[in-house]
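Q: output the structure for:
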Amino acid sequence: MSRRKILLVHPPHLAEWRGLVPHIGQAYLAQTLQDNGIHCDVFDMNLGYKLKHLQRKLHEFQPDFLGMSLISMGYKSFYRLLSEVKRLYPDLKIIVGGPHVTILKEKVLQECSAVDYGVTFEGEGALLEICQGKIPDSNIQGLLFRDQDRIVYTGDRDFVLDLDTLPWPRYEQFELKKYIPEKTIYSSRGCPHQCIFCPNKLISSYFRARSPLNVVDEMEYWYRLGYRQFNFDDDNFNLLRDRVFQICDAIERRGLKNLVLRCSNGIRADRVDKEMLFRMRQVGFKYIAFGADAGNNRMLEIIKKGETIEDIEQAMQDAIDLGYETKLLFVIGTPYETLRDVEDKVKMTRKYPVQEVHFYNLIPYPGTELFDWVKAHNYFLIQPEEYLNDCSSMTKTPVFQTPELPQKVRLELSRYLEKVRREVHRQALQRLLPRNNFLRASASYLLVNDLFENLFYRSPALRKFIDGIRYRHA
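A: This is a model prediction of the structure:
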């Protein structure tokens, strides 16, 4: 058995929630390597670590490989980090994977000479074979590598069909005490839907689900270690109706009680009904997000959402009737969207007592239908090479405009929608606070500000405290 060592590095990201939870994709990779006898360690730079800390870790661990998952957002900063690591450790082999590599493939190795190998799509199999010493070997599917002056791609690797064969993460190499006490669960992989702006379908449009017993095995493992809060972060947790009920039944049979279960990434409104929501509520589901994205049927058809506004409103009403905290997710600036269409989103938001709402600044990711549409119409305000490194869906700066929503209007919209978002957040806080009108109003205005919200999304200690208040009576 090879004694080669690998350090998996999670680079610092622009995301607002960075450092709250460990990177679950990296955790799957680490567990696969460890279960196969590969000496693996993990280093999460989102916990406040800088290059000097990474350098110290590399000096102490002395790995043969450094692995890093790349997203397109901020990719040049990742390239710079990898180039500096290569300069300091020229013999260290650098392996990159993730969405950015899957979509751009050879271009990544062309743009960043520090990269030795690229792994596309799901990385567990290819990364394991690299660490087992099968390099150089063009028989490793899903691999990009250099052959003198050529960059070779061995072709797409088959997806893992039976997800139960993959070990779920146990996070032995992670600094778990530095994150919030919540475990992220991926109960499925892949998304069969065709939303024009979503890059996830480029990585895997083939849906696969873990068995209910396998999912609850993972939950029970962490439950016995004292964890009670779990977040199902799938793109399609509720795609298979019977499976949702089977997961709930298994949770109940195992005696897993006093749970706080969340679906913060959004569930499909057209795949849920009141019976399902009631059963989920019985076993501990308390927080559900709905990725509405649009506020009327015309826009839902344009973005190819595959569901109707009636589906979304019925799901919202059912969830609220059953006592769920709900979150609405919208994107702003889709093709042919007008001010009236945007106002329909605001009306929906104000119609329900939602806990949170996000109006995301729409970012065209390479490979999506939206990106091709913006490029074909020459609507970019900021070129992709620039905005992919400086903007995010949480910023207010539009990276493209449309005839219906030109740049000036988009900027005005951003300010307006931020006021709406804060209004919703303030009202949600008031519902949590004591029933003293003066105290409610004063506290909600003090807490809904940039400083507090940045701390909420980046401070595990504050997030743990707030969650304790949010779910104390749930």
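
Q: where does residue 9 sit: helix, strand or coil?
A: In the three-state summary, residue 9 is assigned as strand, counting by DSSP: H, G, I helix; E, B strand; the rest coil.

Q: so what's it bridging to?
A: Residue 9 forms beta bridges with residue 43, residue 68, as assigned by DSSP bridges.

Q: quick one: contacts for it?
A: For residue 9, the set of contacting residues under the criterion of C-beta atoms under 8 Å, 6 or more residues apart in numbering consists of 42, 43, 44, 45, 54, 66, 67, 68. C-beta coordinates here come from the backbone N, C-alpha and C atoms, glycine included.

Q: relative to residue 125, which of these is nearest.
A: Nearest to residue 125 among those: residue 67, at 13.7 Å, using C-beta to C-beta.

Q: what's near enough to touch the closest residue to residue 178 other than its chain neighbours?
A: If the residues on either side of it in the chain are set aside, residue 178 comes closest to residue 47, at 5.4 Å by C-beta to C-beta, 6 or more residues apart in numbering. Taking C-beta under 8 Å, 6+ apart as the contact definition, residue 47 lies against 19, 175, 178.

Q: and the contacts of residue 9 as a markdown table, adding distance to residue 202 and pLDDT?
A: Written out in a markdown table, the entries for the contacts of residue 9 read as follows (distance: C-beta to C-beta, whole Å; pLDDT from 0 to 100):
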| residue | distance to residue 202 | pLDDT |
| --- | --- | --- |
| 42 | 26 | 98 |
| 43 | 28 | 98 |
| 44 | 25 | 97 |
| 45 | 26 | 96 |
| 54 | 29 | 98 |
| 66 | 25 | 98 |
| 67 | 21 | 98 |
| 68 | 19 | 98 |
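
Q: now, which of these sits nearest residue 304?
A: Sorting the contacts of residue 9 by how near they are to residue 304, with C-beta to C-beta, puts residue 68 at the top with 32.3 Å.

Q: the closest one: how many residues sit nearby?
A: Neighbourhood size, residue 68 [other C-beta atoms under 10 Å]: 23.

Q: so it makes contact with residue 93?
A: No - using C-beta atoms under 8 Å as the test, residue 68 is too far from residue 93 to be in contact (11.9 Å).

Q: joint contacts of these two?
A: With C-beta under 8 Å, 6+ apart as the test, residue 68 and residue 93 reach no residue in common.

Q: just give me the least confident of the contacts of residue 47.
A: The weakest per-residue confidence within the contacts of residue 47 falls on residue 19 (79).

Q: how much space is there between residue 317 and residue 294?
A: Distance of residue 317 to residue 294, given as C-beta to C-beta, to the nearest Å: 18 Å.

Q: neighbour count: these two, which is higher?
A: For residue 317 against residue 294, the residue with the higher neighbour count under other C-beta under 10 Å is residue 294, and the figures read 24 against 14.

Q: domain-wise, how is the protein divided?
A: If you go by automatic domain parsing, the domain ranges for the chain are 5-153, 181-470.

Q: nearest to residue 276 among the contacts of residue 9?
A: The shortest approach to residue 276 among the contacts of residue 9 belongs to residue 44, at 35.1 Å (C-beta to C-beta).

Q: I figured the closest one hits residue 174, correct?
A: Yes - checked against C-beta under 8 Å, the pair residue 44 and residue 174 is within contact range at 7.1 Å.

Q: and for these two, which residues touch both?
A: residue 22.

Q: surely residue 122 touches residue 158?
A: No - taking contacts as C-beta under 8 Å, residue 122 lies outside contact range of residue 158: 9.2 Å.

Q: hmm, back to that, gap between the residue nearest to residue 178 and residue 85?
A: Noted for residue 47: a distance of 18 Å to residue 85, by C-beta to C-beta.

Q: so which elements touch the longest helix along the chain?
A: Among the elements of type helix in the chain, defined by DSSP state H, the one spanning the most residues is helix 407-432. In this structure, helix 407-432 makes packing contacts with strand 325-332, helix 339-351, strand 356-361, helix 437-447, judged by 3 or more C-beta pairs under 8 Å, 6 or more residues apart in numbering; DSSP states H and E.

Q: now do the strands in the stretch 201-350 of the chain.
A: Under the criterion DSSP state E, counting those that start in this stretch, strands of the stretch 201-350 of the chain are mapped to 208-209, 229-232, 260-267, 285-293, 325-332.

Q: which elements pack onto the first one?
A: Meaning strand 208-209. Here strand 208-209 is seen to pack against strand 188-189 when contacts are counted using 3+ C-beta pairs under 8 Å, 6+ apart.

Q: which residues are contacting the strand it packs on?
A: Where contact means C-beta under 8 Å, 6+ apart, the residues beyond strand 188-189 that reach it are 122, 159-160, 163, 204, 207-210, 234-237, 239.

Q: are any of the residues you listed buried, and which?
A: Taking 16 or more other C-beta atoms under 10 Å as the criterion, what is buried in the contacts of strand 188-189 is 122, 160, 163, 204, 207, 209, 210, 234, 235, 236, 237, 239.

Q: quick one: those as a markdown table, columns for distance to residue 185 and pLDDT too.
A: Compiled in a markdown table, the buried ones among the contacts of strand 188-189 are given as follows (distance: C-beta to C-beta, whole Å; pLDDT from 0 to 100):
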| residue | distance to residue 185 | pLDDT |
| --- | --- | --- |
| 122 | 17 | 95 |
| 160 | 17 | 95 |
| 163 | 12 | 98 |
| 204 | 17 | 79 |
| 207 | 16 | 95 |
| 209 | 12 | 98 |
| 210 | 9 | 98 |
| 234 | 8 | 93 |
| 235 | 13 | 91 |
| 236 | 13 | 92 |
| 237 | 9 | 96 |
| 239 | 15 | 96 |
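
Q: just tell me which of the strands of the stretch 201-350 of the chain ends up closest to residue 429.
A: Between the strands of the stretch 201-350 of the chain, strand 325-332 lies closest to residue 429; by C-beta to C-beta that is 12.2 Å.
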